[in-house]
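In: No letters, just coordinates:
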C-alpha cells in the first residue's frame, strides 16, 4: 500500500514538472505559430470559412473550446468530416498549433473540427480521454446543421493526440476498456483513422515512460486494472480499431513506436497502412507542424486518398448487406403468401366437407319424411273405404269393414316397419365399424381443423 508521504512526494513532483512544462510550452507555441504564419499558404481547391474558439462544456462541466473549418462548396453538396486532435505529450500542446493543418484539410473539401482536452497533471489521461469523447459527442450533435456525408467521417491525430485517438476509438467496442478507464465512449463512428508520429507506448522505460507517464497517469499509476490496458497491443485495443493509416519519418524521435504499432496491427489481422519517409529533416509530427512542406502535402494527399478508398469499401459492404437483408425479407414475404394460400385451400376443403355432411343429413330427413307421408296416405285411404262400407250397414252390426280396417292397419304398419328397416340398413352402410372405408368423410372434416394449429 502506498504511504502517505509517497503520495505527497508524487503530487509535489507533478506540480513542479507542470510549471516547467507550461513555461516550455508557452515558448514553443509562440515559436510554432510564428513559423506557420511566415510560411506561404498552399493553393487549395476550396476557399475556407473558419470559426475559432467555439466554447462547449465537457461531461464534468469544464469549459473547453473547438475550432471549425468549413469549405465553401455549392449549396446542398454533402462534404466528408475530419476531427483532429493535437499532440504535446499530454502535458502541453494546444489546438492553435493545428489551425494551419485544419485549414488545409478544409481546403481539400473536408468539414474539420479541431478539439482540445485538459492537460496533465491537471487531468489524468483517463479524464483526457473523457474530454475527447465529450468533444466528439458535441460534434456529432452539431453535424445536423451541416450538409455532410456521414459515410465519410475520419479521425486524424498526431503524437499524444494519436494515443488519445487510439483509445477513444477502441473504447467504443470494448466494455472492458470502458470499465478500466471509468468513462463512457463517444457515440461517433469513424470509417478510418490517421495517426501521425503516434505516442502509442506510455509504459516503456524511456523518456515517455520514465518522465512523462507519472504526469499523465496521475493516481491511475496505482490502478493495475487500468495499467494493463496501457499496452496498445492489448487485444481489447487492437481488435476494436477501425482501419488505420500511420505516418512517420527517420527524423521522428518516436518513429519506433509507429513501426512497432503497425506490426502489431498487421499481426492482429487489422487493416493498416504505413507511410515512412527516410528524411532526417522531417521531424516529429511534421505533417501537422509543417503542413506546407512538399513531403507533408504528399503525405496528406496519400492519406486522404486511402481514407476515401476505405469509405468506398465500407459503402459497398453496407450495400451488399442491405441487399441480403432485402432478399431475406422478400423470401419471408413469399413464404407468408404461400402459407396464406395453403390455409385458404384447407379452409375451403373444411367448408366443403361440412357442407357434404349437412347435405347427407338433409337427404336422410327427406327420405324419412317421404316414408311417413306414404304411411299416413295409406291409413287415410283405408279409413275412407271403411267409412263408405259403414254407411251401407246397419248400426251395431259387425261388419267386414272392421276387419278390413284392422287388416289395412296391420299391412300399413308392416310396410312402415319395412321402410324403417331399409332406412336403418342404409344408414348402417354409410357409417360402418372402425377401420372401414366409410371413415373417409369424417377425416375430411377434422384434418383441416388440425392443420390450423400453429404447432
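Out: Okay, I see it. This is a predicted model, so every value here is computed, not measured.

In: Can you give the strand pairings for whichever strand or helix holds residue 154, parallel or anti for each?
Out: In the assignment (DSSP states H and E), residue 154 maps to strand 148-158. Using DSSP bridges, the strands paired with strand 148-158 in its sheet are strand 79-85 (parallel), strand 192-196 (parallel).

In: Out of those, which one sits most buried?
Out: Highest mean neighbour count among these (mean count of other CB atoms under 10 Å): strand 192-196, with a mean of 27. No exception for glycine: its C-beta is placed from N, CA and C like everyone else's.

In: helices or strands up against the helix or strand following that one?
Out: The first helix or strand that comes after strand 192-196 along the chain, using DSSP H and E, is helix 207. For helix 207, not one helix or strand is in contact under the criterion 3 or more CB pairs under 8 Å, 6 or more residues apart in numbering; DSSP states H and E.

In: Now the element after helix 207, going C-ward?
Out: Counting by DSSP H and E, the next helix or strand C-terminal to helix 207 is helix 213-217.

In: What mean pLDDT does that next one get?
Out: Per-residue pLDDT over helix 213-217 has a mean of 88.

In: Not counting the following helix or strand past it itself, show me its contacts.
Out: Next along the chain after helix 213-217, taking DSSP H and E as the criterion, comes helix 224-227. Identification of contacts with helix 224-227 by CB atoms under 8 Å, 6 or more residues apart in numbering yields 126, 179-182, 203, 217, 220-221.

In: Stretch 74-81 too?
Out: 71, 73, 109-113, 139, 143, 146-150, 152-154, 307-308, 311.

In: Of those residues, keep whichever come out buried.
Out: Among the contacts of stretch 74-81, those scoring as buried are 71, 109-113, 139, 148, 152-154, 307, 311 (criterion: 16 or more other CB atoms under 10 Å).

In: Please tabulate these in a markdown table, including the columns pLDDT and distance to residue 173.
Out: A markdown table is the format used below for those (pLDDT from 0 to 100; distance: CB to CB, whole Å):
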| residue | pLDDT | distance to residue 173 |
| --- | --- | --- |
| 71 | 97 | 31 |
| 109 | 97 | 29 |
| 110 | 98 | 25 |
| 111 | 98 | 25 |
| 112 | 98 | 25 |
| 113 | 98 | 22 |
| 139 | 98 | 19 |
| 148 | 97 | 23 |
| 152 | 98 | 20 |
| 153 | 98 | 16 |
| 154 | 98 | 17 |
| 307 | 98 | 20 |
| 311 | 96 | 19 |
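
In: Output the residues you listed as JSON lines; include the columns distance to residue 56.
Out: Conversion of the buried ones among the contacts of stretch 74-81 to JSON lines gives the following (distance: CB to CB, whole Å):
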{"residue": "71", "distance to residue 56": "22"}
{"residue": "109", "distance to residue 56": "25"}
{"residue": "110", "distance to residue 56": "21"}
{"residue": "111", "distance to residue 56": "17"}
{"residue": "112", "distance to residue 56": "16"}
{"residue": "113", "distance to residue 56": "11"}
{"residue": "139", "distance to residue 56": "9"}
{"residue": "148", "distance to residue 56": "18"}
{"residue": "152", "distance to residue 56": "24"}
{"residue": "153", "distance to residue 56": "19"}
{"residue": "154", "distance to residue 56": "21"}
{"residue": "307", "distance to residue 56": "26"}
{"residue": "311", "distance to residue 56": "27"}
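
In: Among those residues, find me the one that's closest to residue 232.
Out: Of all the buried ones among the contacts of stretch 74-81, residue 232 sits closest to residue 154, with 19.8 Å by CB to CB.

In: From what I see, the closest one and residue 303 are in contact.
Out: No: between residue 154 and residue 303 there is no contact, the gap being 9.0 Å when judged by CB atoms under 8 Å.
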